[in-house]
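What follows is a protein structure lacking sequence information:
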């Protein structure tokens, strides 16, 4: 199953240009309500000095992955941070958390992915974590950036899911083995690559099930996320 970038839900609110891989808010597509425990991949570009005012979430693992610019985060846990390219932020909403996200730059937009994954259990204590991963960490390999056990310096999510990031040049290849009964979602965030023999470009995503190996081959300089899901 391939989800092409141009087929995603789209909203341009002036200060926010947003693309929804899966159904989100007022956008609904019965074919794409999520994949396994992966519920949201929103590609957002926020204008300088603008952002999302304080709002609440419950029972969701929320991951922010910044591509360009910087995103300022504040929440009801007392956390205040700036998320920059290479940073991965995880916020566990659990029993409830309120937060805001703003582009603190007066001149440059911020471009990022917001990802929601269902937790394995509801009613957990809210939490926050942020780690940095360099471009070299992801160059020509799959770098674990989120996992249930925080392995290899990844942020910890409350679900048996793993998120990998990679950067590939044209012709470079990486492979990820899928255990029996596991599924993968590949999301291209820059450039173009082939996944399981299908060409995917910026904004495209693909579900992969029933395959023992997920193989990615760079068609041009590319950056992608790979979700290993139950």
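Arrived safely, thanks for sending. Here the structure is a predicted model, which means the values were calculated and not measured. Residues are numbered from 1 along each chain as shown.

How about the contacts made by residue 92?
Residues near residue 92 by C-beta atoms under 8 Å, 6 or more residues apart in numbering: 60-62, 119, 124-128, 157-158. Bear in mind the C-beta positions are built from the backbone N, C-alpha and C, glycine included.

now residue 104
Applying C-beta under 8 Å, 6+ apart, the residues near residue 104 are 49, 70, 72, 82.

cutoff 6 Å now
By C-beta atoms under 6 Å, 6 or more residues apart in numbering, the residues touching residue 104 are residue 72.

circling back: buried ones among the contacts of residue 92?
60-62, 119, 126-128, 157-158 (16 or more other C-beta atoms under 10 Å).

If you rank every helix and strand of the protein by mean pLDDT, what lands last?
strand 51-57 (a mean of 67; mean pLDDT, DSSP states H and E).

And the next helix or strand past that one?
strand 61-68 (DSSP states H and E).

what does the domain assignment say about the protein?
Here the domain parsing of the chain from automatic domain parsing is 2-134, 136-229.

got the angle between the helix or strand that contains residue 167 and strand 61-68?
Element membership for residue 167, per DSSP H and E: strand 162-168. Angle of strand 162-168 versus strand 61-68, following axes from the mean of the first three to the mean of the last three C-alpha atoms, to 10 degrees, is 10 degrees.

Would you indicate which residues of the following helix or strand past strand 162-168 are buried?
As assigned by DSSP H and E, the chain's next helix or strand after strand 162-168 is strand 173-177. The neighbour-count check on strand 173-177 (16+ other C-beta under 10 Å) flags 174, 176 as buried.

Note down every partner strand of strand 173-177 and its orientation.
strand 213-218 (antiparallel) (DSSP bridges).

What residues sit buried inside the partner strand?
214, 216-218.

a markdown table for those, including pLDDT?
Converted to a markdown table, the buried residues of strand 213-218 look like this (pLDDT from 0 to 100):
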| residue | pLDDT |
| --- | --- |
| 214 | 96 |
| 216 | 97 |
| 217 | 97 |
| 218 | 96 |
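
Among the residues you listed, which one lies nearest to residue 200?
Residue 200 has its nearest neighbour among these in residue 216, at 8.9 Å by C-beta to C-beta.

which ones are touching the closest one?
174, 193, 195 are the contacts of residue 216 under C-beta under 6 Å, 6+ apart.
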